[in-house]
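Colleague: How does the following fold in three dimensions:
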Amino acid sequence: MRLTRVYVETALEPGAIVELPSDTGSHVAKVLRARTGDELVLFNGDGREFGGEIESVRGSRVTVSVGRAQEIDRESPLAVTLVQCVPRGDRMDFIVQKATELGVTRLIPVTSQRSVVRLDERQSETKAAHWRAVAVSACEQCGRNRLPQIDAPRPLIDYLGASEGSGPRLVLEPEPASEGASLRIESQVEVAIGPEGGFATEELEAFQLAGFERVRLGPRILRAETAALAAVTWLQTRYGDMRAAE
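Modeller: Numbering: from 1, shown residues only. Prediction:
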């Protein structure tokens, strides 16, 4: 039986007793109906996971004894940075969740000229905290023991003006462009996905100045969330760890 995985933002050592965060404890106690003696898997983002056994359940307060640590590496050898224009509604939650499951190392939300979503500084921090929680939940589900880095949203031009890529940098563009066949990608890559209306001409010029190469994934125009997941899947399949069983 697959054990419930729980993220805890604290140091973990075998033999220690930890109390689960209140929201997590409430879910474990009231939704999963866990009881004293039930087993869990704990992780805190340092790359290890720990066996755990519930010591006590008092309402939504759940304490767990920490068991043996295991070094289990489920990270891709390809470090993918996803630069994503924030779409409308809850589609960004979907992108964060699925990008985490697909092994993205860093996700940088941006707003561009044609973005419908506009965020002030307070809203940006609130959104970033929410997306980090989405990523944590995705890691609990998919088995990752390291959390992806989720940046606070910023204007695209601010990001391009301050960033320096150390690996190949790609921007998806549906107009005639490279199909990616000649790319040389080894350990890291950055890929940018536009808003619903695509990037403006001057933004594409800014991408070029920042060292991005235009690529496309087939002849069809993809929705923002489809493009993000298609791009990451293509990269992980071609250069990462998504391989057919041998």
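Colleague: Now do the longest helix seen in the chain: everything it contacts.
Modeller: Identified as the longest helix of the chain according to DSSP state H is helix 121-142. Outside helix 121-142, the residues that touch it by C-beta atoms under 8 Å, 6 or more residues apart in numbering are 4-7, 43, 74, 86, 92-93, 96-98, 100-101, 107, 109, 119, 144-148, 150-154. Placement of C-beta: from N, CA and C, glycine included.
Colleague: what stretches of the chain score poorly on pLDDT?
Modeller: Applying pLDDT under 70 to the chain picks out residues 1, 165, 176-182, 244-246.
Colleague: Of all the residues in the longest helix of the chain, which ones are buried?
Modeller: 124, 127-128, 131-132, 134-140 (16 or more other C-beta atoms under 10 Å).
Colleague: Likewise for stretch 152-167?
Modeller: Buried positions in stretch 152-167, judged by neighbour count with 16+ other C-beta under 10 Å: 152-154, 156, 159-160, 167.
Colleague: Output that stretch in PDB, but only the C-alpha positions, please.
Modeller: The C-alpha coordinates for stretch 152-167 follow below in PDB (Å, rounded to 0.1, in the frame of the first residue of the first chain):
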ATOM      1  CA  ALA A 152       7.200  35.900  -7.300                       C
ATOM      2  CA  PRO A 153       5.700  37.200 -10.600                       C
ATOM      3  CA  ARG A 154       7.500  40.100 -12.300                       C
ATOM      4  CA  PRO A 155       7.300  42.000 -15.600                       C
ATOM      5  CA  LEU A 156       8.900  40.100 -18.400                       C
ATOM      6  CA  ILE A 157      11.100  42.900 -19.400                       C
ATOM      7  CA  ASP A 158      12.400  43.200 -15.800                       C
ATOM      8  CA  TYR A 159      13.300  39.500 -15.900                       C
ATOM      9  CA  LEU A 160      15.000  39.700 -19.300                       C
ATOM     10  CA  GLY A 161      17.000  42.700 -18.300                       C
ATOM     11  CA  ALA A 162      18.300  41.200 -15.100                       C
ATOM     12  CA  SER A 163      18.800  37.500 -16.000                       C
ATOM     13  CA  GLU A 164      21.800  35.700 -17.400                       C
ATOM     14  CA  GLY A 165      21.200  32.200 -18.700                       C
ATOM     15  CA  SER A 166      24.000  29.600 -18.300                       C
ATOM     16  CA  GLY A 167      22.400  27.100 -20.700                       C
END
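Colleague: For the most centrally placed residue in the chain, grab phi and psi.
Modeller: Nearest residue to the geometric centre of the chain (C-alpha atoms, centre = their mean): residue 100, 3.3 Å. With angles defined as degrees, to the nearest 10, residue 100 sits at phi -60, psi -50.
Colleague: what do you get for residue 74?
Modeller: Backbone torsions for residue 74, taken as degrees, to the nearest 10, come to phi -110, psi 20.
Colleague: That one: how many residues sit nearby?
Modeller: 14 (other C-beta atoms under 10 Å).
Colleague: How about the one 5 residues further on?
Modeller: When neighbours are counted by other C-beta under 10 Å, residue 79 registers 17.
Colleague: what do you get for residue 169?
Modeller: Residue 169, neighbours per other C-beta under 10 Å, totals 20.
Colleague: go on, residue 228?
Modeller: With neighbours defined by other C-beta under 10 Å, the count for residue 228 comes to 30.
Colleague: quick revisit: okay, and which of the buried residues of stretch 152-167 map to strands?
Modeller: residue 154 (DSSP state E).
Colleague: Redo the buried residues of stretch 152-167 as CSV? Include distance to residue 69.
Modeller: Formatted as CSV, the buried residues of stretch 152-167 follow (distance: C-beta to C-beta, whole Å):
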residue, distance to residue 69
152, 32
153, 35
154, 37
156, 41
159, 37
160, 41
167, 32
